[in-house]
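**Student:** Test case, fold it:
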Amino acid sequence: MESASAPRPRSFVVLTVIAVAFLLVGIGAGYLLTRPAAPAPPGPVDGLTRPSQIPRVFGWYNGADVAYLDYGAMTNVAAPILVFFQQASPDTMVAGQNNVIDTIPGQPGYTDFWQVYKVLVPAGYVPNSIRSFEGAMASGFSIEATDIIVNCPVVNPGTTIQGSNQPPVSGWYRDREVFYFDHGANSESEGSVVATPPIYVFFRSDGTMVSGQRNVIDVVPGDAGYSDLWQVVKVIVDSAYAPNSLRDASDIQAQATAGGVTLEVAGIYVNCPVVPIEG
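**Tutor:** Here you go, the predicted structure:
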């Protein structure tokens, strides 16, 4: 998250440094326990198993074109991200300070979705003098949970988004520079669990996907229940189905009720933030 409106703090949940340490171990399957024994290599985080260009995909929403980015399968539980604020003005972010994370793709507890924790620093704090969770906990600064969830997929340096000039944002991971795309706080959640509206994906009865058929969604940013994270619902059609005959979620539900298609909830979530059709 590069910049955003000030997180809405839960004032009754101001965590001590020790409490945060236990929280991170509990939520993230042992963030601190997975710290490498050997020193981390120099330079930015690279070599992640993510594409060099994030694809822009077209789907259907209420029968009309919709575009979304496809980051692939993802978990639905957010991990902590540390965002730095002035102690004397808790709604003012520390200019020049990069956000800090403690897990990356391929490590336990990684997710593209992050729950914001505010680190409240005193006057005179030098931006980026803290570059790790370990440093934040050792500092003794107050850390405060918020209910803000942001979608910030970690990517390799130089990664681009198809059809967009949006640059990645620089952050810190265990004293190393890390890059991510900031898609903001669009996703509804309950605590650290991210909401997952359905995305309808079409399959033949033999298990193969319907070639040429776009996926269908039923909410877009601004709608109640919208989230960048989607639960895959398989729409199983017969051999006579013509691709893109169904373009609306309500029509899919009607067909399912009438027995024309079968719906099957898959245990898969995908990070597919809806974006403008162009640019």
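
**Student:** hey, C-alpha coordinates of the stretch of helix or strand Phe202 belongs to in PDB?
**Tutor:** When elements are defined using DSSP states H and E, Phe202 is found to belong to strand 198-204. As requested, the backbone C-alpha atoms of strand 198-204 are provided in PDB (Å, rounded to 0.1, in the frame of the first residue of the first chain):
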ATOM      1  CA  PRO A 198     -18.400 -16.200  -6.600                       C
ATOM      2  CA  ILE A 199     -16.700 -16.200 -10.000                       C
ATOM      3  CA  TYR A 200     -18.400 -18.600 -12.400                       C
ATOM      4  CA  VAL A 201     -16.100 -20.800 -14.500                       C
ATOM      5  CA  PHE A 202     -17.500 -23.000 -17.200                       C
ATOM      6  CA  PHE A 203     -16.700 -26.700 -17.600                       C
ATOM      7  CA  ARG A 204     -18.000 -29.600 -19.800                       C
END
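
**Student:** Let me know the average pLDDT across that strand.
**Tutor:** Per-residue pLDDT values across strand 198-204 average out to 98.

**Student:** what's the answer for stretch 127-139, then?
**Tutor:** Summarised as a single mean, pLDDT over stretch 127-139 is 98.

**Student:** Can you spell out which helices and strands pack onto the strand holding Phe202?
**Tutor:** In terms of contact count using 3 or more Cβ pairs under 8 Å, 6 or more residues apart in numbering; DSSP states H and E, strand 198-204 is assigned the packing partners strand 216-217, strand 229-237, helix 249-258, strand 262-271. The way it works is simple: take the backbone N, C-alpha and C, and place the C-beta from them, glycine included.

**Student:** out of the ones you listed, which comes closest to Ser142?
**Tutor:** Ser142 lies closest to strand 229-237 among the helices and strands packed on strand 198-204, at 30.0 Å (Cβ to Cβ).

**Student:** So which elements touch that closest one?
**Tutor:** For strand 229-237, the elements it packs on are strand 198-204, strand 262-271, judged by 3+ Cβ pairs under 8 Å, 6+ apart.

**Student:** one step back: any chance of the helices and strands packed on strand 198-204 in CSV, plus mean neighbour count and mean pLDDT?
**Tutor:** Written out in CSV, the entries for the helices and strands packed on strand 198-204 read as follows (neighbours: other Cβ atoms under 10 Å; pLDDT from 0 to 100):
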stretch, mean neighbour count, mean pLDDT
strand 216-217, 24, 98
strand 229-237, 21, 98
helix 249-258, 15, 98
strand 262-271, 15, 97
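
**Student:** quick one: Glu144 from Ser211, how far?
**Tutor:** When distance is defined by Cβ to Cβ, to the nearest Å, Glu144 is 50 Å away from Ser211.

**Student:** who's more crowded, these two?
**Tutor:** Remark: of Glu144 and Ser211, Glu144 carries more neighbours, 20 against 8, as counted by other Cβ atoms under 10 Å.

**Student:** what about that one, helix or strand, and which?
**Tutor:** Using DSSP H and E, Glu144 falls within strand 142-151.

**Student:** just checking, what packs against that strand?
**Tutor:** With contacts defined as 3+ Cβ pairs under 8 Å, 6+ apart, the packing partners of strand 142-151 are strand 9-15, strand 113-121.

**Student:** Now the weakest link among those strands, please, by mean pLDDT.
**Tutor:** Among the helices and strands packed on strand 142-151, strand 9-15 carries the lowest mean pLDDT (a mean of 35).

**Student:** Name all residues that make contact with Ser205.
**Tutor:** When contacts are counted by Cβ atoms under 8 Å, 6 or more residues apart in numbering, Ser205 touches Ile236, Val237, Asp238, Ser239.

**Student:** Quick check: the last one vs Ser164, distance?
**Tutor:** The gap separating Ser239 from Ser164 is 38 Å, by Cβ to Cβ.

**Student:** Of the two, give the one with the bigger neighbour count.
**Tutor:** Using other Cβ under 10 Å, the more surrounded residue of Ser239 and Ser164 is Ser164, with 15 against 7.

**Student:** right, and the more buried one touches Ala67 too?
**Tutor:** No: with contact defined as Cβ atoms under 8 Å, Ser164 does not count as touching Ala67 (10.2 Å).
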